[in-house]
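Undergrad: coords please:
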Amino acid sequence: MLALIFEGVLLGLTLATFFGFGPAFFSLVQTSIHRGFSSAVLLAIGIFLNDLVMVVLCLMGAIQIVTAPSNYLWFGISSGVILMIFGLVTYSRKVVTTVPETDNDDLPIHVKGPRWFIFIAKGFFMNIVNPFVWIFWVGVIVGISSRFGGNEKELIYFFSGTLLTVLLTDIGKAYAAYNIKRFLTDHMISLFNKIAGIGLMAFGLFLIGKVLFELLQT
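TA: Below you'll find the model as predicted:
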């Protein structure tokens with residue numbers, strides 16, 4: 001059992017290192033900077049839940065519905081548009097760090113933000129609109145399932161190690177971003193917003209371009 005979990009952890013570390021810098025990463029770091037560490041953890045949980053759903057659907061074979069060629073074009077274009085909208089909002093986000101004056105400086109200032117479930121939903125949605133996530137998990141699970149001969153218990157141990165490792169590394173990224181926040185000036189945060197926004201829009205354009213290119217090839 002421990003050997004299977006350890007192998008899953010190795011896969012999780014590989015994913016976090018080489019494939020962990022997509023749209024979800026930009027959103028995770030930005031949320032940690034603007035909304036705090038706890039909000040970024042909720043976003044990471046949403047990403048984790050999406051990965052969990054993807055793994056379960058792949059194992060059940062239901063993922064073939066959304067990865068079918070007839071549906072891939074629609075999902076790819078809509079996903080690209082959504083990511084571009086996220087990117088545009090991120091790019092235009094204004095940095096406000098000044099504290100408004102009050103009659104009584106001893107009174108705490110409460111800034112109302114999104115509810116906790118909004119961050120979880122955003123993390124889940126940010127990942128689910130990326131068709132590469134589906135295709136990636138299909139490829140990984142087909143290979144791992146064939147290796148373990150479809151043994152359900154071994155697959156559960158393996159992917160438990162993988163998914164928990166990805167979750168912990170995402171939380172680590174959020175924690176790092178939160179801790180460097182105090183060293184960032186308004187200009188630096190604004191610059192990061194623009195970089196993150198451009199990155200998200202670039203991912204969106206890439207998705208649209210890729211599905212259109214594949215359509216022309218057929």
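
Undergrad: tell me which element the residue most central in space within the chain is part of?
TA: Centrality entry for the chain: nearest residue to the mean C-alpha point is Ala24, 2.7 Å, by Cα atoms, centre = their mean. For Ala24, the enclosing helix or strand under DSSP states H and E is helix 23-35.

Undergrad: burial count for Arg182?
TA: Taking other Cβ atoms under 10 Å as the neighbour definition, Arg182 ends up with a count of 6. No exception for glycine: its C-beta is placed from N, CA and C like everyone else's.

Undergrad: any idea how far it lies from Ile33?
TA: 10 Å (Cβ to Cβ, to the nearest Å).

Undergrad: before we move on, what about Ala3?
TA: Distance of Ala3 to Ile33, given as Cβ to Cβ: 39 Å.

Undergrad: these two: who's more crowded?
TA: Higher neighbour count among Ala3 and Ile33: Ile33, with 22 against 10, using other Cβ under 10 Å.

Undergrad: these two touch, right, that one and Phe192?
TA: Yes. Counting by Cβ atoms under 8 Å, Ile33 does reach Phe192; the two are 7.2 Å apart.

Undergrad: just to revisit the earlier point, any idea which helix or strand comes after the helix holding Ala24?
TA: helix 37-60.

Undergrad: buried stuff in that following helix?
TA: Of the residues in helix 37-60, those buried under the neighbour-count criterion (16 or more other Cβ atoms under 10 Å) are 37, 39-51, 53-55, 57-59.

Undergrad: so for Val111, what's the pLDDT?
TA: The score at Val111 is 44. That number is its pLDDT.

Undergrad: element containing Leu200, please.
TA: Short version, using DSSP H and E: Leu200 is in helix 186-217.

Undergrad: show me what that helix is packed up against.
TA: Contacting helix 186-217 under the criterion 3 or more Cβ pairs under 8 Å, 6 or more residues apart in numbering; DSSP states H and E are the following elements: helix 23-35, helix 69-91, helix 131-147.

Undergrad: next, format these as a markdown table and append distance to Gly8.
TA: Conversion of the helices and strands packed on helix 186-217 to a markdown table gives the following (distance: least, Cβ to Cβ, whole Å):
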| stretch | distance to Gly8 |
| --- | --- |
| helix 23-35 | 20 |
| helix 69-91 | 27 |
| helix 131-147 | 9 |
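
Undergrad: read off the pLDDT value for Leu49.
TA: pLDDT, Leu49: 93.

Undergrad: look up how far Leu163 lies from the closest residue to Leu207 other than its chain neighbours.
TA: Across the structure, with Cβ to Cβ, 6 or more residues apart in numbering as the measure, the residue nearest Leu207 apart from its sequence neighbours is Gly80 (3.7 Å). Counting by Cβ to Cβ, the gap between Gly80 and Leu163 amounts to 26 Å.

Undergrad: can you check Val53 too?
TA: Using Cβ to Cβ, we find Val53 at a distance of 11 Å from Leu163.

Undergrad: so for the helix holding Leu200, what gets flagged as buried?
TA: Applying a neighbour-count criterion of 16+ other Cβ under 10 Å, the buried positions in helix 186-217 are 189, 192-193, 196-197, 199-201, 203-204, 207-208, 211.
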